[in-house]
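[1] any chance you can model this:
(one chain, ligands or ions: 1)
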Amino acid sequence: MGRSPLADRFAAEREQRGRPGSCPWIHRYSRLRESEGLVRTLTGGRAGCAVSPDGTWIVSAGRGSTRRDNTLKIWDAVTGTERATLTGHTSSVWGCAVSPDATWIVSASEDGTLKIWDADAGTERATLTGHTGSVWGCAMSRDGTWIVAASADGTLRIWDVAIGAERAVLVLPGKACGEAFHPSTPMVACGDSGRGVHLAHLVGIGFGPLVVTAAARGDELTARCPACREAFPIERDSLGTETTCPRPACGTRLRLNPFTLHSAKRDAGRSWPWLRRGRNR
Ligand SMILES: [Zn+2]
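    Model (predicted):
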């Protein structure tokens, strides 16, 4: 049996990474092919997007270079219709993320601020100021209590959502241009314009119960612990409550969302075209 194109590509990368002076964290990927799962294109110049934890809506960030669109838009993921426009940023919005419990959204803008939005009402809750350059991206922790933001001012900043205040600043050798939280440990990864990728432990910062969305399959509900990756059955009565991962060696505190993944739309008899093509079917 011949090797797949993917295996060849990884073999070439391994060889490249092993050369003297090579930069092990830099990968160059070529586009493989168009996605077979493309369902719908939402119109408008958009710089970033995120999907709600239950998969029913999408939020996209507007890029205002030509159309002066400094907004975020919320879209119905099933019908593709626009639900709301979030206005308040004074320049392009480069990134956005949805809280693990789907109740709020954070956005990062060229105007140097982050904004927190109520996802249901579409209204602004707070503006986080402190960056001295464009904020190019944002992500939030799995417990929904921390935001990390990457900025052209060369810093990565950690924000406490509860009080809307900055709690830590990591100074990078170049502009910060990508960020992600570890799913279960207070760590962040970040790229910079100097071609580096950094992994930072957030000393003194702890996670609360990790927010989990249960998946519904018929009447059965299962949840997966982000720390040990173990899936376990849950009772419907436990939705919306806190629990402990049943794996003895783990014991991570978890908070179950009151809603479940996909179940609402399935119960309503509506189809999800891309799921039919998914590997789980
Ligand atoms: Zn666990």
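[2] near the ion, which residues of the chain show up?
    225, 227, 228, 245, 247, 250, 252 (CB under 5 Å from the ion). All C-beta spots, glycine's among them, are computed from the backbone N, C-alpha and C.
[3] buried ones among those?
    The neighbour-count test (16 or more other CB atoms under 10 Å) marks 225, 227, 245, 252 as buried among the residues of the chain next to the ion.
[4] wait, a helix at the second one?
    No. Applying DSSP: H, G, I helix; E, B strand; the rest coil, one finds residue 227 to be coil, outside a helix.
[5] contacts only, for it.
    183, 184, 210, 245, 250, 252 (CB atoms under 8 Å, 6 or more residues apart in numbering).
[6] one more time with 6 Å
    Listed by CB atoms under 6 Å, 6 or more residues apart in numbering, the contact partners of residue 227 are 184, 250, 252.
[7] pick the one among those residues closest to the ion.
    Within the set of the contacts of residue 227, residue 250 lies nearest the ion; the separation is 3.0 Å, counting by CB to the ion.
[8] and the pLDDT for the closest one?
    For residue 250, the model assigns a pLDDT of 95.
[9] again with residue 193
    For residue 193, the pLDDT comes out at 84.
[10] that one and residue 175 touch, don't they?
    Yes. Taking CB atoms under 6 Å as the contact criterion, residue 193 and residue 175 are neighbours in contact, 4.1 Å apart.
[11] between those two, who's got more neighbours?
    Under the neighbour definition other CB atoms under 10 Å, residue 193 and residue 175 were set side by side, and residue 175 has more, 18 against 14.
[12] just checking, residue 115 touches residue 128?
    No. Proximity of residue 115 to residue 128 does not meet the contact threshold set by CB under 6 Å, at 7.3 Å.
[13] below-threshold pLDDT in the protein: ranges please.
    Within the chain, the set of residues satisfying pLDDT under 70 comprises 1-46, 64-68, 262-281.
[14] how is it divided into domains?
    Described in terms of automatic domain parsing, the domain architecture of the chain consists of the residue ranges 42-201, 210-276.
[15] what segments of the stretch 1-150 of the chain are strands?
    Taking DSSP state E, counting those that start in this stretch as the test, the strands found in the stretch 1-150 of the chain are 46-51, 57-62, 72-76, 82-86, 93-98, 104-109, 114-118, 124-128, 135-140, 146-151.
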